[in-house]
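S.K.: here is my input, please return the structure:
(one chain, ligands or ions: 1)
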Amino acid sequence: MADVIFRTEGITKVYDTGEVKVYALDGVDLELYKGELTVLLGPSGSGKSTLLNILGGLDHATDGRVWFGDTELTDMPDRGLTRYRRDHVGFVFQFYNLVPSLTARENVQLVTDVSPDPMPAEEALELVGLGKRMDHFPSEMSGGEQQRVAIARAIAKRPKILLCDEPTGALDSTTGVQVLEVLRDINERFGTTTVVITHNAEIQRMAHRVIFFQDGKINEVKVNKNRIAPSEIAW
Ligand SMILES: Nc1ncnc2c1ncn2[C@@H]1O[C@H](COP(=O)(O)OP(=O)(O)OP(=O)(O)O)[C@@H](O)[C@H]1O
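M.R.: Numbers count the residues shown, from 1 in each chain. The predicted structure is shown next:
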């Protein structure tokens with residue numbers, strides 16, 4: 001059985017707005033495995049992003065515990081969490097968050113300049129198929145290309161984990177599939193543990209493991225015996 005890379009015990013996140021308490025996560029016990037590509041599925045508001053943000057050290061749980069390998073993230077001081085994020089976690093979001101005044105290469109270099117063991121920005125951009133577009137600005141690229149720059153930026157630090165929140169949410173099917181192919185390639189080539197949040201049920205077919213959320217809880221965990229290639233997915 002694969003090594004556990006993340007383990008959570010009773011993770012709860014409560015937003016107290018004064019009048020009502022919203023349980024974004026309501027006692028989530030979960031294991032994620034090294035090298036796997038996991039898809040998180042579930043209706044809007046079911047807690048997927050909240051969980052991803054807690055795993056990535058962007059947010060604190062109200063209750064419960066989270067381990068990354070043997071290291072407990074819960075109760076880690078903010079400085080420790082910042083180092084954890086910087087050294088181990090790559091993030092990809094629905095909107096690419098590129099700096100418009102910088103080229104693709106310079107956007108990636110923002111990360112490689114501060115990482116302990118980065119790959120050259122050029123290598124990261126080659127890996128996502130943008131070797132010929134390194135000196136282009138975001139405004140000169142399509143949505144899918146910009147997302148691939150965002151992925152290059154995320155992987156250039158050689159993260160152990162890649163956390164992707166709706167990476168194809170703003171893309172059409174053809175472009176979205178290209179982005180999924182890049183994610184699968186990175187997962188296979190480097191063994192990067194990858195978590196992908198999506199509303200698109202088709203995307204679960206490329207995952208090793210699928211976790212279904214409902215009302216802040218895990219409804220079901222499914223292991224895919226027959227994964228398919230992103231190129232066989234369409235929406
Ligand atoms: N800052 C906040 N203040 C109050 N409630 C919040 C806050 N952030 C999230 N929530 C609530 O927590 C719940 C879970 O939100 P979350 O974003 O994790 O869901 P999600 O499954 O990722 O949804 P989506 O698929 O729409 O992104 C929702 O009810 C949401 O309204």
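
S.K.: let me know the pLDDT of the spatially closest residue to E9 that is not a sequence neighbour.
M.R.: Spatial nearest neighbour of E9, excluding adjacent residues (CB to CB, 6 or more residues apart in numbering): R65 at 4.6 Å. (C-beta placed from N, C-alpha, C; glycine too.) R65 carries a pLDDT score of 98 in this model.

S.K.: repeat for M1
M.R.: pLDDT, M1: 60.

S.K.: same check on I161?
M.R.: 97.

S.K.: residue ranges with poor pLDDT in the chain?
M.R.: 1 (pLDDT under 70).

S.K.: in contact with W67, which residues are there?
M.R.: F6, R7, T8, L73 (CB atoms under 8 Å, 6 or more residues apart in numbering).

S.K.: state the distance from the third one to the ligand.
M.R.: Counting by CB to the nearest ligand atom, to the nearest Å, the gap from T8 to the ligand is 14 Å.

S.K.: what does the second one give?
M.R.: Applying CB to the nearest ligand atom, the value for R7 to the ligand is 20 Å.

S.K.: secondary structure element for the closest residue to that residue other than its chain neighbours?
M.R.: Leaving aside its sequence neighbours, R7 sits nearest to W67 (CB to CB, 6+ apart; 4.7 Å). If you go by DSSP states H and E, W67 is part of strand 63-68.

S.K.: now swap in L125 and tell me
M.R.: Using DSSP H and E, L125 falls in helix 121-127.

S.K.: what's the first helix or strand after that helix?
M.R.: Next along the chain after helix 121-127, taking DSSP H and E as the criterion, comes helix 143-155.

S.K.: the residue sitting nearest the centre point of the chain and L58, how far apart?
M.R.: Taking CA atoms, centre = their mean as the criterion, L163 is the residue nearest the geometric centre of the chain, at 1.4 Å. L163 sits 9 Å away from L58, going by CB to CB, to the nearest Å.

S.K.: one more: I228?
M.R.: In terms of CB to CB, I228 sits 31 Å off from L58.

S.K.: of those two, which one has the most company?
M.R.: Using other CB atoms under 10 Å, the more surrounded residue of I228 and L58 is L58, with 15 against 12.

S.K.: re the thing from before, now do the buried residues in the strand holding W67.
M.R.: Across strand 63-68, burial judged by 16 or more other CB atoms under 10 Å covers G64, V66, W67, F68.

S.K.: now swap in stretch 45-58 and tell me
M.R.: Neighbour-count burial for stretch 45-58 [16+ other CB under 10 Å]: S46, G47, K48, S49, T50, L51, L52, N53, I54, L55, G56, G57.

S.K.: also stretch 6-25?
M.R.: Those would be F6, R7, T8, I11, K13, Y23, A24, L25, for stretch 6-25 by 16+ other CB under 10 Å.

S.K.: now the helices: where do they sit in this protein?
M.R.: For the chain, the helices defined by DSSP state H cover 48-55, 78-88, 104-112, 121-127, 143-155, 173-190.
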